[in-house]
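A.B. asks: Just the structure for this:
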Amino acid sequence: QVQLVESGGGLVQPGGSLRLSCAASGFTFSTYAMKWYRQAPGKERELVATINNAGGSTSYADSVKDRFTISRDNVKNTVYLQMNSLKSEDTAVYYCNSRLWRTGIWRDYWGQGTQVTISS
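C.D. replies: As a prediction, this is how the structure comes out:
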């Protein structure tokens, strides 16, 4: 079955860095785009970054552009989110996502999330 397992969250001071990882299994990882979302308390889940299947094309929310970098390793079946210059407003639960073609429709799969807290 499809599994997405995030790791790497934690408590960091403003201006610090973190690298999130998402290990994928149960599907042909190199075939699909991958995404990172986040959800802050009391807010809707928002798309943070997207990477295409080969890793050659990426896109970012304006709020994280030039600070976050999404990447992937299609040998390790893992997608990463490097987060630099972190701000308090980056505090959220971060989720890995993939939309897969399953039984004739596109289905969204999510990891369990990893908490990122930015505080001094």
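A.B. asks: going forward, measure contacts between C-alpha atoms and count neighbours the same way
C.D. replies: Fine.
A.B. asks: Report all helices and strands that the longest strand anywhere in the chain contacts.
C.D. replies: Ordering each strand of the chain by length in residues (DSSP state E) puts strand 92-102 first. For strand 92-102, the elements it packs on are strand 3-7, strand 34-39, strand 105-110, strand 114-118, judged by 3 or more Cα pairs under 8 Å, 6 or more residues apart in numbering; DSSP states H and E.
A.B. asks: Quickly note the distance from residue 53 to residue 97.
C.D. replies: Residue 53 sits 13 Å away from residue 97, taking Cα to Cα, to the nearest Å as the criterion.
A.B. asks: list residues touching both of these two?
C.D. replies: Residues touching both residue 53 and residue 97 (Cα atoms under 8 Å, 6 or more residues apart in numbering): residue 34.
A.B. asks: Quick check: which of the helices and strands packed on strand 92-102 is nearest to residue 91?
C.D. replies: Among the helices and strands packed on strand 92-102, strand 114-118 comes nearest to residue 91, with 4.6 Å by Cα to Cα.
A.B. asks: And that closest one, what does it pack against?
C.D. replies: Contact here means 3+ Cα pairs under 8 Å, 6+ apart; on that basis strand 114-118 packs against strand 10-12, strand 92-102.
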